[in-house]
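S.K.: Provided below for reference: sequence and predicted model.
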Amino acid sequence: MLVVKNATKKFGGLIAVNDVSFELHKGEILGLIGPNGSGKTTMFNLITGFLTLTSGSVTFKGDDISNQRPDRIVHKGISRTFQITSILRDLTVEQNIRAGMFGAIETTLLDDLFRTRAYKQKEAASMQRINEVLELIGMEKQRDKLAKNITSVEQRKLMIGIALAKNPELLMLDEPAAGTTKEEQKELIDLFRHINESGVTVLIIEHHMHVIMNACQRIVAFNFGKKIAEGSPEEIQNHPDVIEAYLGSGDHAS
Ligand SMILES: Nc1ncnc2c1ncn2[C@@H]1O[C@H](COP(=O)(O)OP(=O)(O)OP(=O)(O)O)[C@@H](O)[C@H]1O
C-alpha cells in the first residue's frame, strides 16, 4: 500500500533519515521504533508532505506522492496525528471531529448560503461520518462535552478521532500513548485494533515498547536515521542491533 524507497532527508550536515526503505501492507498495523532523535518523526513528515525528501521516493497505492502538499496527501487517503495536541479545548468533542473533517467534505459558499440540496446531502454525509468516528473511538456519550473537560486519555482518543474524520485508508499516529498510564495504554491498544478491524491500515510511532509489541503485527526499527531491523514483535525484541540501540542510547522506553 505504502512503499518508501531509499528515503533520505538531510538538514544541513545532519542526515536525519538515511537511505530508508520499507513497505506497509494494506490492513496491517506497523510500528516504527527507535531511540530519541533516530528519525521517526522526520520519516512521518516525509510521508505526509510536511518535509521534502532530499532523495528517494514515497508511493501510495501505486501513486508517486513524493513531495506533494500535505492537503493533497490527505485527499489521497493518508491522515495523521501530531505529537503536540491538536484538539480545540473550548469546542465540544463533536465540534472537534467536525473541524477535523475540514477539507474532506467540500461545500461551496453558495451551497452554504442557500442551503441547497447539495448542502443538505453533504451535511447528512458529515453527520454520518461524525457518528461513525464517535463510535470508532467509543466516545458517543461524550459528544457534547467540552474537550477541556474530558480525561487525558479521552483527549488522546479525540486526537485520533480528528484524524479519522477525514476517512483515511492509512492512519498515522505519532506517539499516541505519550503521557498515559499502563491501564490507559490497554484501552488505546484496543482502540488501535478496533480501528484496524474497521478497515483502516495503521502506522504508529510509539515509545512505550509494550504498546508497540501488543498492537503491531510488524515493526521497523530505526537508529541514527537508518533502518536497523524489520520483523515481527518477537524478532524485533530479540534483534541484537535493536537491543544494542536501546542499551547504547540510555533510552529505556517501558
Ligand atoms: N527541522 C529540523 N531541522 C534540523 N534538524 C532536525 C529537524 N527536524 C529533526 N531534526 C533532527 O533530525 C534528527 C531526527 O529527528 P526526529 O525528530 O525525526 O527523531 P525521532 O526519532 O522522531 O525522535 P523522538 O523520538 O525524540 O521524537 C534529530 O537529530 C533532530 O534533531
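M.R.: Yep, that arrived.

S.K.: all contacts plus neighbour counts: C-alpha atoms, from now on.
M.R.: OK.

S.K.: Show me what residue of the stretch 151-254 of the chain gets nearest to the ligand.
M.R.: Proximity of the stretch 151-254 of the chain to the ligand (C-alpha to the nearest ligand atom) peaks at Gly225, 6.7 Å away.

S.K.: ok, now how distant is the closest residue to that residue other than its chain neighbours from the ligand?
M.R.: Spatial nearest neighbour of Gly225, chain neighbours left out: Val17 (4.1 Å); criterion: C-alpha to C-alpha, 6 or more residues apart in numbering. When distance is defined by C-alpha to the nearest ligand atom, to the nearest Å, Val17 is 7 Å away from the ligand.

S.K.: host element of Val17?
M.R.: Mapping Val17 onto the secondary structure by DSSP states H and E places it in strand 14-24.

S.K.: what comes up buried for that strand?
M.R.: Within strand 14-24, the residues that count as buried by 16 or more other C-alpha atoms under 10 Å are 15-21, 24.

S.K.: What is the distance between it and the centre of its chain?
M.R.: When distances are taken as C-alpha atoms, centre = their mean, to the nearest Å, strand 14-24 is centred 18 Å away from the chain's centroid.

S.K.: what's it packed up against?
M.R.: Judged by 3 or more C-alpha pairs under 8 Å, 6 or more residues apart in numbering; DSSP states H and E, strand 14-24 is in contact with strand 2-11, helix 40-47, strand 226-231.

S.K.: Most tightly packed of these?
M.R.: Comparing these on average neighbours per residue, with mean count of other C-alpha atoms under 10 Å, the densest one is helix 40-47 at a mean of 23.

S.K.: and the next element down the chain from it?
M.R.: strand 55-60.

S.K.: Do a quick rundown of the helices in the stretch 151-254 of the chain.
M.R.: 152-164, 182-197, 209-215, 233-237, 240-249 (DSSP state H, counting those that start in this stretch).

S.K.: Out of those helices, indicate the one that is most buried.
M.R.: Across the helices of the stretch 151-254 of the chain, the average number of neighbours (mean count of other C-alpha under 10 Å) peaks for helix 152-164, which reaches a mean of 24.

S.K.: For it, what is the distance to the chain centroid?
M.R.: Relative to its parent chain, helix 152-164 has a centroid offset of 11 Å by C-alpha atoms, centre = their mean.

S.K.: from now on call the first residue 873
M.R.: Sure, I'll start numbering at 873, so the last one becomes helix 1024-1036.

S.K.: quick one: that helix to helix 1054-1069, angle?
M.R.: Angle between the axes of helix 1024-1036 and helix 1054-1069 is 20 degrees (criterion: axes from the mean of the first three to the mean of the last three C-alpha atoms, to 10 degrees).

S.K.: Show residues contacting helix 1024-1036.
M.R.: Outside of helix 1024-1036, the residues within contact range by C-alpha atoms under 8 Å, 6 or more residues apart in numbering are 951-953, 957-959, 965, 968-973, 1005-1006, 1008-1009, 1011, 1019, 1043, 1045, 1048-1049, 1052, 1056, 1060.

S.K.: Pretty sure Leu1018 sits against Asn968.
M.R.: No. Using C-alpha atoms under 8 Å as the test, Leu1018 is too far from Asn968 to be in contact (9.3 Å).

S.K.: Mind checking which of the two has more residues around it?
M.R.: Taking neighbours as other C-alpha atoms under 10 Å, Leu1018 and Asn968 compare with Asn968 leading, 24 against 17.

S.K.: With mean pLDDT as added columns, please give the helices and strands packed on strand 886-896 in JSON lines.
M.R.: Converted to JSON lines, these look like this (pLDDT from 0 to 100):
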{"stretch": "strand 874-883", "mean pLDDT": "98"}
{"stretch": "helix 912-919", "mean pLDDT": "97"}
{"stretch": "strand 1098-1103", "mean pLDDT": "96"}
